[in-house]
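> Give me coordinates for this.
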Amino acid sequence: MWRMNRPSASARWLAAGLSTVLLSPVLLAAVFVAAVFVVSGGCLSTTAIPESHGKNEIDEKHGTKVNEQLDQQWREQFARVLAGESDTLLLDSGPITAEQLAELSQLDGKLTQLLIDAGGVDDTALPSIAKVHSLVHLRLRESDISDQGLASLVAAGLPELQILNIPQGRIGARGIVSLAALPKLVQLRLGGKQLDDGAVAELAKLPKLRSLHLIGPDVTDAALRELAACPLLTSFYLDDCPLSDAAWEELFAAKSNLHVHVDQAHHDRDPKRH
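Predicted coordinates for the structure are as follows:
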């Protein structure tokens, strides 16, 4: 009788290996990709997968919700000032909008503090602010205000303004000259390299200025000599502008009680140093 010979051990090992290869989905896929690569002449053609819009939709919904929250905060503050329950508007979470600027005139006589900390103000927005003649404190952070814009704001009339804070503007000597028309201005904060010795000379002429803060100006020792002549100055803060010890000594000799901070710390000669 004819009988089949039993496969050798090596044959059985080869057969098992081939079975594993043929049954492995990963290896089968790899073989398929390699075959396509060869057939296509070494270039794999892929079909673009449409980008999911899920994240964009989430971002849009989040942005809409944030805007709604900001508008609600504005409405609540606005209503309180209009009702005489508050005298302050503070915007620190988002820039003020054109629509909100247009509403400011309704608060004339009731609003005394307008604090815009997140931008949204440039020269074109200032006429809307100028309609609030009752302002005592105006703070415009992250706002691109020029000399011409400041002059137009002052010319429109802010007779009660005592505190003006524009740390990121482009205000220099020409804009500072216009500040002399603010009869009650006592506290001023400005920043930028356009603030030079000539600008400080104009600041020193402001008749009622008591507190001055300059951020990153481009001044020399001569600026401190100008400030020595500022009649009512009692507080001076200077950041990011190194000056000589001799210039400071000269200033303190002229104003022995002047409160001075340099780079957010008391000057060694400051009489009010803690």
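
> Low-confidence regions, the stretch 51-200 of the chain specifically.
Within the stretch 51-200 of the chain, the segments meeting pLDDT under 70 span 51-63.

> which stretches of it form helices?
In the stretch 51-200 of the chain, the segments counted as helices under DSSP state H, counting those that start in this stretch are 54-82, 98-103, 126-130, 147-156, 173-178, 197-203.

> Please tabulate these in a markdown table, including the columns distance to Thr112.
Where C-beta positions appear, they are placed from N, C-alpha and C, glycine not excepted. Shown next, in a markdown table, are those (distance: least, Cβ to Cβ, whole Å):
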| stretch | distance to Thr112 |
| --- | --- |
| helix 54-82 | 9 |
| helix 98-103 | 17 |
| helix 126-130 | 13 |
| helix 147-156 | 16 |
| helix 173-178 | 22 |
| helix 197-203 | 24 |
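
> Please convert those helices to TSV, extending it with distance to His261 and mean neighbour count.
Formatted as TSV, the helices of the stretch 51-200 of the chain follow (distance: least, Cβ to Cβ, whole Å; neighbours: other Cβ atoms under 10 Å):
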stretch	distance to His261	mean neighbour count
helix 54-82	31	12
helix 98-103	33	14
helix 126-130	29	18
helix 147-156	25	19
helix 173-178	21	20
helix 197-203	17	20
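
> Select, out of the ones you listed, the one closest to Arg141.
Among these, the nearest to Arg141 by Cβ to Cβ is helix 126-130 (13.7 Å).

> can I get the CA coordinates of that closest one in PDB?
In PDB, the C-alpha atoms belonging to helix 126-130 read as follows (Å, rounded to 0.1, in the frame of the first residue of the first chain):
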ATOM      1  CA  LEU A 126     -11.500 109.300  21.400                       C
ATOM      2  CA  PRO A 127     -14.400 111.600  20.300                       C
ATOM      3  CA  SER A 128     -16.800 109.100  21.900                       C
ATOM      4  CA  ILE A 129     -14.800 109.200  25.200                       C
ATOM      5  CA  ALA A 130     -14.600 113.000  25.000                       C
END
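
> So what touches it?
Residues outside helix 126-130 that contact it (Cβ atoms under 8 Å, 6 or more residues apart in numbering): 101-102, 104-105, 114, 121, 135, 138, 145, 149-150, 152-153, 156-158.

> at 10 Å what do you get?
The contact list for helix 126-130 (Cβ atoms under 10 Å, 6 or more residues apart in numbering) reads 96, 98, 100-105, 114, 116, 121, 135, 138, 140, 143, 145-146, 148-158.

> Show me how far that helix is from its chain's centre.
Helix 126-130 sits 21 Å away from the centroid of its parent chain (Cα atoms, centre = their mean, to the nearest Å).
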